[in-house]
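Chemist: Got a predicted model here, sequence first, then my questions.
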Amino acid sequence: MDIEFVKKRFEEDGYVFLPGFLSEEEIAVLNTKLDGFIENVVPGMPATDVFYEDKNDRSTLKQIMHVSKYEPSFAPLLHDSKFSKIAEELLEDKVVPRILEYFNKPPKIGKPTPPHQDGYYFMLKPAKAVTMWMALENVDEANGCVRYVKGSHLKGMRPHGRTQTLGFSQGITDFGIPEDMENEIAFPARPGDLLIHDSLTIHRADGNQTTDRTRKALGFIYFGESAREDVEAKAAYQAQLQKEMQARGELVAE
């Protein structure tokens, strides 16, 4: 891997695509291990860390938070690994591993992921963080591949508002301007392919339109060690959230 070329692409585009980051053999072992984890551990996890498209149907599993917390044997993937090392290269900083997540879009009912910037959730100053998305199976436009808006990380934070998508509470409210559509690129992926994006890069994914295919992936988040929580941004977000909840009748105004 030409790391200098990878860094240049990441800096200019806001993302980088690394095909075959894990081998077929490594992915096969990982998928077997994940299957066991989902069957034996996930049913006992709290509802705050496991999301289903239909909470009464376990076959509609959508997202698992904090995978390595509930199954420590996954921790080496997140800490001091191939993933953390390339995160350090791209951020040019020591990194703080934040979370390892599992994502899926069940066939027919897997919903779209709204356009958003991860930095809106992270609220860091500076916004020094990366998110990684690794395919665990074949992913294409039919079952909901990731789509990036090239160069969007250079334009700052866009306005976000609440969505109805479980697990993705915030989405860009003015997405769809000509610049978005002209620069959006879809990334079909094979098992073991890795996508890495800047915390300000706009991205989204369509729903799963297939009748018989899932769309399974792992997500990794790393913060730069030099980044700090943006206290002002967090306070503004919480105030706006309270206002929206009051408007929806979800919160009684004092």
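Modeler: Good, I have the coordinates.
Chemist: Starting from whatever helix or strand V130 lives in, tell me which strands it pairs with and how they run.
Modeler: V130 belongs to strand 129-135 when assigned by DSSP states H and E. The pairing partners recorded for strand 129-135 under DSSP bridges are strand 194-198 (antiparallel), strand 217-224 (antiparallel).
Chemist: Assign a three-state SS to T48, would you?
Modeler: Following DSSP: H, G, I helix; E, B strand; the rest coil, we place T48 in the coil state.
Chemist: R98: how many residues sit nearby?
Modeler: Neighbours of R98 under the rule other Cβ atoms under 10 Å: 15. For the C-beta atoms, the positions are set from N, CA and C on the backbone; glycine is no exception.
Chemist: same question but for L124, I mixed them up
Modeler: Neighbours of L124 under the rule other Cβ under 10 Å: 19.
Chemist: Show the backbone phi and psi for the closest residue to it other than its chain neighbours.
Modeler: The shortest distance from L124 to any non-neighbouring residue, by Cβ to Cβ, 6 or more residues apart in numbering, is to A227 (4.1 Å). For A227, the backbone dihedrals (degrees, to the nearest 10) come out as phi -80, psi 150.
Chemist: I'd assumed M123 was in contact with A227.
Modeler: No: taking Cβ atoms under 8 Å as the definition, A227 is not a contact partner of M123, at 9.9 Å.
Chemist: pLDDT at the nearest residue to D212 once chain neighbours are set aside, what is it?
Modeler: Closest residue to D212 apart from its sequence neighbours, by Cβ to Cβ, 6+ apart: P107 at 5.6 Å. At P107, the pLDDT value in this model is 96.
Chemist: where's E4, which helix or strand?
Modeler: Here E4, judged by DSSP H and E, is contained in helix 3-13.
Chemist: Work out the gap between that helix and the centre of the chain.
Modeler: Averaging C-alpha positions (Cα atoms, centre = their mean, to the nearest Å) puts helix 3-13 20 Å from its chain's average.
Chemist: tell me the angle of it relative to strand 129-135?
Modeler: 110 degrees (axes from the mean of the first three to the mean of the last three Cα atoms, to 10 degrees).
Chemist: Just give the closest residue to P191, not the sequence neighbours.
Modeler: The shortest distance from P191 to any non-neighbouring residue, by Cβ to Cβ, 6+ apart, is to I27 (4.4 Å).
Chemist: Oops, could you answer that again for H116 instead?
Modeler: Spatial nearest neighbour of H116, chain neighbours left out: G171 (5.1 Å); criterion: Cβ to Cβ, 6+ apart.
Chemist: what's across from that neighbour in the sheet?
Modeler: With DSSP bridges as the criterion, G171 is bridged to G161.
Chemist: what sits up against stretch 66-80?
Modeler: Stretch 66-80 has contacts (Cβ atoms under 8 Å, 6 or more residues apart in numbering) with 33, 37, 41-42, 45, 49, 83-84, 97, 99-102, 218, 220.
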